[in-house]
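J.: no letters, just coordinates:
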């Protein structure tokens, strides 16, 4: 009913305008088409005959980027005309590519667009991220794509458990992880946007969002160091000098990258004790033998209890400039080992630094004394068990014999007990 009444008002207005023109009122330009459209659509709660919402908040439209540029409604809704009212109930979908050709072209190759092409219409489109009539520039604090609002914008899908299950979104609820991360905390801070804290688009891109399995994706395994390095430039330079960075430079993507140690979305402060003791396990995913021998030491056993005031992997090997002991620049090279130990043990001497933090009793070449001492202890332990096992067996046989004799003696003459 609202739609029909409004349409009638528009027709009356058009008749009045045509009459004025016919009476020679002048060849002045007709009324603003946006104003004409709002005669029917100005009520945000208005709905069409099918129940679909057709209302537009005039204030939001005026404050939007389209409103500030004085873009006409008919520029987007090309199959509608203020000269032909009422227009068709169902209009063609708006083509954003009419003005934003490059952005739409980038979007077409993304995971979102491919999901929609595959029938998953709930995948994000232009309006899901930018809005419809309330679109604002990304630098506008009220914009859905402003750095401080991206978490909630992306979280509409990637933080929605029901949506994640329905769409089988990889990675699960990544927004919850991001919210508690150092990046999320900085972004939510009062000056987060000005400090340039990483957001969803900072890592994944704004329109060219590709799955991490795509080699061209900014979050593909090969490109993660480049993406993180765009902010952490000094750390990236240090990483490149290390053994892990050199593996990546050779194209060996199995080598550790930023997300292997710091995670992708749940990145925590490196000085938080909980993270410092947990990241040791990440080193163990590649260096399994070394993590086992480390756990045998005092350092390893204390860190397993959650304490960080002892040496961790990074304490000795450095965090990013990790080098083999054969490299003279390595923190664990023979010439640098004492200085590394003295960072914690100020009174350490050369004999102290000779301690092997990864002593392996099964490696004869690396630790021959420990190897043979281990064999001796194994034989000694085995000998003790064999000796006392035989002793216990003989004692058991003797005990059976004594019990049998007592029973035999008691049954014959009712002897003393």
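T.: Everything's here; your move. For clarity, every value in this text was computed on a predicted model and none was experimentally measured.

J.: distance of the residue most central in space within the chain relative to residue 175?
T.: The geometric centre of the chain, computed from its C-alpha atoms, lies nearest to residue 265 (C-alpha atoms, centre = their mean), at 2.1 Å. Counting by C-beta to C-beta, to the nearest Å, the gap between residue 265 and residue 175 amounts to 8 Å. (Glycine included, C-beta is placed from N, CA and C.)

J.: repeat for residue 50
T.: Using C-beta to C-beta, one obtains 34 Å as the distance from residue 50 to residue 175.

J.: same question, residue 140
T.: Using C-beta to C-beta, one gets 22 Å for the distance from residue 140 to residue 175.

J.: and the two? Which one has more around it.
T.: A side-by-side neighbour count of residue 140 and residue 175, using other C-beta atoms under 10 Å, places residue 175 first with 23 against 15.

J.: show me where the stretch 51-200 of the chain has helices.
T.: Along the stretch 51-200 of the chain, the segments classed as helices by DSSP state H, counting those that start in this stretch run 58-63, 65-68, 73-76, 101-108, 111-117, 126-130, 150-158, 161-167, 174-179, 182-188, 192-195, 200-204.

J.: least reliable of these by average pLDDT, please.
T.: Averaging pLDDT over each of these singles out helix 192-195 as the lowest, with a mean of 62.

J.: one step back: show me the contacts for the residue nearest to the centre of the chain.
T.: For residue 265, the contacting residues are 171, 174, 175, 177, 178, 181, by C-beta atoms under 8 Å, 6 or more residues apart in numbering.

J.: mind redoing it with 6 Å?
T.: For residue 265, the contacting residues are 174, 177, 178, by C-beta atoms under 6 Å, 6 or more residues apart in numbering.

J.: setting aside sequence neighbours, what's the nearest residue to the first one?
T.: Pointing back at residue 174 there. When the adjacent residues along the chain are set aside, residue 174 lies closest to residue 265, with 4.5 Å between them (C-beta to C-beta, 6 or more residues apart in numbering).

J.: just the pLDDT for residue 319.
T.: 94.

J.: ditto for the one 3 residues further on
T.: What the model reports as pLDDT for residue 322 is 96.

J.: thought it was touching residue 243?
T.: Yes. Under the contact definition of C-beta atoms under 6 Å, residue 322 touches residue 243, with a separation of 5.3 Å.

J.: so between the two, which is more surrounded?
T.: For the pair residue 322 and residue 243, the greater number of neighbours falls to residue 322 (23 against 16), based on other C-beta under 10 Å.

J.: A strand includes that one, no?
T.: No. Following the definition DSSP: H, G, I helix; E, B strand; the rest coil, residue 322 is coil and is not counted among the residues of a strand.

J.: what's the nearest residue to it if we skip its chain neighbours?
T.: Residue 322 sits nearest to residue 242 (C-beta to C-beta, 6+ apart), 4.5 Å away.

J.: and for residue 256?
T.: Spatial nearest neighbour of residue 256, excluding adjacent residues (C-beta to C-beta, 6+ apart): residue 244 at 4.7 Å.

J.: how about residue 225?
T.: Spatial nearest neighbour of residue 225, chain neighbours left out: residue 257 (5.5 Å); criterion: C-beta to C-beta, 6+ apart.

J.: near the one you found, how many other residues are there?
T.: By the measure other C-beta under 10 Å, the count of residues near residue 257 is 22.

J.: wouldn't it be in contact with residue 226 here?
T.: No. Between residue 257 and residue 226 there is no contact, the gap being 10.0 Å when judged by C-beta under 6 Å.

J.: apart from its chain neighbours, what residue comes closest to residue 141?
T.: Nearest non-adjacent residue to residue 141, counting by C-beta to C-beta, 6+ apart: residue 148, 6.8 Å away.

J.: thank you kindly, that will do.
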